[in-house]
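# Just a sequence and a predicted model for now, questions to come.
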Amino acid sequence: MTDPVDSLAPRNILETVRTMRPEMRRSDRKVADAVLEYPRKLMNATVAETAEIAGVSQPTVIRFCTALGCEGFQDFKIRLAQSLVLGTPATQSAINIDDTPDEVAAKIFDYTMTSLDWARHKLDMVQINEAVELILQARSLEIFGFGASGIVAQDFQQKFPLLGVPCRATVDSHQQLMAASMMQPDDVAVAISNTGKTMLVIELARLAKEQGSKVIAITGSDHSALANYSDILINVETLENTDVFTPTTSRIAALVVVDIISTLVARRLDKVANQRLVRMKRYLSQVRQNEPF
């Protein structure tokens, strides 16, 4: 069984602190609070200074570092510095009503970078590669999603026809129902729901499977109802938004995953298909510059 600390090791250390904090003993939690509130100050602090800021003893600080999976206080500070390069933790990214525009912009950038880093470390490339193989063998793709996931579905539809893979992502629920009902065993459904709980997307996935089609689920939760109807589960886990002002980073992470899949599919195209792709790109470039093609 995987040690929970080991499973957290590659993460942004600030997110590791945030995740483990509720399970820590009270004195360790004081150190965690100090780290989350003053990460840049503690990056340059000694053990004694850190203990004073947190209001605990020096051995408690050392024990805290070990509990995080660090090889001592110095290793903790190195990982803290690496984390600060990636962005501040979500707990420090809550947008306040009196924040200046510059502060709002900085927080959104920091939160997005931190969340994308989290999603990257959670991404299972085995599932990604299996999805690529399935798409390459598919007769056609039907993409299902609503709201922010619907935007991701539209991006999917925009990319894959360019790769020679027939693809449809209708936004009308009745047309989605008809499409799922008419799927065949060599078709592939891509069901997108960040929560994995959107009932209509779950039903469309179930209906597609009943027709014998394979289902690729793109979701932020690998323990959801949607997962039960998927042949391939791509977990795009992001950090939860901290407040009502924070944008939906799950959409951005899912769009990145669509880019990864489409790029991997494009790399597998034969020479003729690649020539068509290059020609199409040239036409688009000419249109953008108002040139004849």
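That came through, no problem. Numbering: from 1, shown residues only.
# how about His223, secondary structure?
Secondary structure, DSSP: H, G, I helix; E, B strand; the rest coil: His223 is coil.
# Start at 6, not 1
Sure, I'll start numbering at 6, so the last one becomes His228.
# Pull the contacting residues for it.
With contact taken as CB atoms under 8 Å, 6 or more residues apart in numbering, His228 is in contact with Gly201. All C-beta spots, glycine's among them, are computed from the backbone N, C-alpha and C.
# From Ile221, how far off is it?
17 Å (CB to CB, to the nearest Å).
# Over to Arg26?
Arg26 is 35 Å from Ile221, by CB to CB.
# Those two: which has the busier surroundings?
Ile221 (26 against 16; other CB atoms under 10 Å).
# Please list the outside residues in contact with the helix or strand hosting the more buried one.
Using DSSP states H and E, Ile221 sits in strand 219-224. Where contact means CB under 8 Å, 6+ apart, the residues beyond strand 219-224 that reach it are 136, 139-140, 143, 154, 157, 193-201, 210, 213-214, 231-232, 234-241, 259, 262.
# Now a ChimeraX select for only the buried ones of those.
To isolate the buried ones among the contacts of strand 219-224 in ChimeraX, judged by 16 or more other CB atoms under 10 Å, type:
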select :136,139,140,143,154,157,193,194,195,196,197,198,199,201,210,213,214,231,232,234,235,236,237,238,239,240,241,259,262
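# Sitting in strands, which of the contacts of strand 219-224 do you find?
193-198, 237-240 (DSSP state E).
# right, and out of those, which lies closest to Glu42?
Asn240 (30.7 Å; CB to CB).
# Name the nearest residue to the closest one, sequence neighbours excluded.
Asp227 (4.4 Å; CB to CB, 6 or more residues apart in numbering).
# same check, this time on Met187
Per CB to CB, 6+ apart, closest to Met187 is Gln216, 7.6 Å.
# tell me the pLDDT at the one you found?
Predicted confidence (pLDDT) for Gln216: 95.
# Pull the contacting residues for it.
185-190, 192 are the contacts of Gln216 under CB under 8 Å, 6+ apart.
# cutoff 10 Å now
185-190, 192, 194 (CB atoms under 10 Å, 6 or more residues apart in numbering).
# Low-confidence regions, the chain specifically.
6-16, 91-99, 245-252, 298 (pLDDT under 70).
# Going by residue numbers, what spans are helices in it?
9-13, 18-25, 31-42, 44-48, 52-59, 63-72, 78-91, 106-127, 130-142, 152-164, 178-186, 204-215, 254-272, 276-293 (DSSP state H).
# out of those, deepest packed?
helix 18-25 (a mean of 22; mean count of other CB atoms under 10 Å).
# what angle sits between it and helix 78-91?
100 degrees (axes from the mean of the first three to the mean of the last three CA atoms, to 10 degrees).
# Which neighbouring elements make contact with helix 18-25?
helix 9-13, helix 31-42, helix 44-48, helix 63-72, helix 78-91, helix 106-127 (3 or more CB pairs under 10 Å, 6 or more residues apart in numbering; DSSP states H and E).
# how does it look with 6 Å?
Packing partners of helix 18-25 (3 or more CB pairs under 6 Å, 6 or more residues apart in numbering; DSSP states H and E): helix 78-91.
# Packing partners of the helix it packs on?
Checking 3+ CB pairs under 6 Å, 6+ apart, helix 78-91 ends up next to helix 18-25, helix 44-48, helix 106-127.
# quick one: contacts of the second one?
The one in question is helix 44-48. Residues from elsewhere that reach helix 44-48, judged by CB atoms under 6 Å, 6 or more residues apart in numbering: 40, 55, 82, 85-86, 89.
# so can I have TSV of those residues showing distance to Gln181?
Listed next are the contacts of helix 44-48 as TSV, based on distance: CB to CB, whole Å:
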residue	distance to Gln181
Val40	46
Thr55	55
Lys82	52
Leu85	47
Ala86	48
Leu89	44
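# Pick out the most distant pair among those residues.
Thr55 and Leu89 (15.4 Å).
# about what we covered before: send me the strand holding Ile221 as CSV with only the CA atoms.
Taking Å, rounded to 0.1, in the frame of the first residue of the first chain, the C-alpha atoms of strand 219-224 are listed here in CSV:
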residue,chain,number,x,y,z
LYS,A,219,-16.5,2.7,-25.7
VAL,A,220,-16.6,5.6,-23.3
ILE,A,221,-13.8,7.9,-22.4
ALA,A,222,-14.6,9.9,-19.2
ILE,A,223,-12.8,13.2,-18.5
THR,A,224,-13.6,14.2,-14.9
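# Sheet-wise, list the partners of that strand with their directions.
strand 193-198 (parallel), strand 237-240 (parallel) (DSSP bridges).
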